[in-house]
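Visitor: Pasting the sequence and the predicted coordinates here, then a few questions.
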Amino acid sequence: MCGRFYIPEKDIDDFAGLVNKIEKELLKKAGEIYPGDYAPIITPKQNDDSDTDILSNGIGYPVHVVKWGFPVKNGKPLINARCETVREKPMFKLPFAKRRRLIPARGFFEWKDAEIGKKRIKHYISFVDLSIMYLAGIYCFFKDKNGVLNPYFTILTTEANEDIRSIHNRMPVIIKDEDKDIWLNENTDNNKIDALLKPIDKGLLKIQVAD
């Protein structure tokens, strides 16, 4: 699974410069991002996007600020969606087909079960070169208690690769930089999308015990 991820303050400041004033006010937290927090998500280029400053800053895509976790009545928010069943689940089916997004992060956290009676061990996982990783996500609109529609996102997970397997049996789907357009384009062939829903190659991730 992916229960928390990490965005340093510098990255948050960069993303805050790409969103409108109302959304910027939501983007208050940096560091460890928890379920229910607001975070930047990367959205597809629109047909009328031009080479303006907002799209030529090294990211090249529109950015919005969205709350993490699909709300569920009388239950915990759904913060993850399994890629193996995302096309089947009613809540995920349409967002997966039409609203695929990317969640930028410097890393994510997983917990390993310790020996009986001992605290679970927290691990921080990043790229070896510490570059930004793009977590595969989907988003959807839900009504709040006042009937107002608001967007929420969830992160897709896949089976763990060899690096992660000793810690946890699941990990977020990580989209390579060169595959961002393939993932974001709602018209991409299903076979090409399926090819992205795989564990990242062994040896690309750095794993550290976290505080």
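Guide: The structure has been received and is ready for your questions. Numbers count the residues shown, from 1 in each chain.
Visitor: Every contact and neighbour count from this point should use C-alpha atoms.
Guide: OK.
Visitor: May I have the lowest-mean-pLDDT helix or strand in the chain as CSV, with CA atoms only?
Guide: Least confident helix or strand, the chain: helix 21-24 with a mean of 88, by mean pLDDT, DSSP states H and E. Taking C-alpha atoms only, helix 21-24 is exported to CSV below (Å, rounded to 0.1, in the frame of the first residue of the first chain):
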residue,chain,number,x,y,z
LYS,A,21,-4.9,31.7,-5.4
ILE,A,22,-7.7,29.7,-3.9
GLU,A,23,-5.8,26.4,-4.3
LYS,A,24,-2.6,27.9,-3.1
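Visitor: what's it packed up against?
Guide: Counting contacts by 3 or more C-alpha pairs under 8 Å, 6 or more residues apart in numbering; DSSP states H and E, helix 21-24 packs against strand 63-68.
Visitor: name the helices or strands packed onto the strand it packs on?
Guide: Counting by 3+ C-alpha pairs under 8 Å, 6+ apart, strand 63-68 packs on helix 21-24, strand 38-42, strand 149-159.
Visitor: The following helix or strand past the least confident helix or strand of the chain: partners in the sheet, and parallel or antiparallel?
Guide: Sequence-wise, the next helix or strand downstream of helix 21-24 (DSSP states H and E) is strand 31-33. Strand 31-33 sits in its sheet next to strand 4-7 (antiparallel), going by DSSP bridges.
Visitor: Please compute how far the partner strand lies from its chain's middle.
Guide: Strand 4-7 has its C-alpha centroid displaced from the chain centroid by 9 Å (C-alpha atoms, centre = their mean, to the nearest Å).
Visitor: neighbouring contacts of that strand?
Guide: For strand 4-7, the external contacting residues (C-alpha atoms under 8 Å, 6 or more residues apart in numbering) are 30-35, 104-110.
Visitor: export those residues to JSON lines and tack on distance to Leu130, pLDDT and neighbour count?
Guide: Shown next, in JSON lines, are these (distance: C-alpha to C-alpha, whole Å; pLDDT from 0 to 100; neighbours: other C-alpha atoms under 10 Å):
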{"residue": "Ala30", "distance to Leu130": "17", "pLDDT": "95", "neighbour count": "17"}
{"residue": "Gly31", "distance to Leu130": "15", "pLDDT": "96", "neighbour count": "15"}
{"residue": "Glu32", "distance to Leu130": "16", "pLDDT": "97", "neighbour count": "15"}
{"residue": "Ile33", "distance to Leu130": "17", "pLDDT": "97", "neighbour count": "20"}
{"residue": "Tyr34", "distance to Leu130": "20", "pLDDT": "97", "neighbour count": "17"}
{"residue": "Pro35", "distance to Leu130": "23", "pLDDT": "96", "neighbour count": "20"}
{"residue": "Pro104", "distance to Leu130": "12", "pLDDT": "96", "neighbour count": "22"}
{"residue": "Ala105", "distance to Leu130": "10", "pLDDT": "97", "neighbour count": "24"}
{"residue": "Arg106", "distance to Leu130": "7", "pLDDT": "97", "neighbour count": "20"}
{"residue": "Gly107", "distance to Leu130": "8", "pLDDT": "97", "neighbour count": "24"}
{"residue": "Phe108", "distance to Leu130": "12", "pLDDT": "97", "neighbour count": "22"}
{"residue": "Phe109", "distance to Leu130": "14", "pLDDT": "97", "neighbour count": "22"}
{"residue": "Glu110", "distance to Leu130": "17", "pLDDT": "94", "neighbour count": "24"}
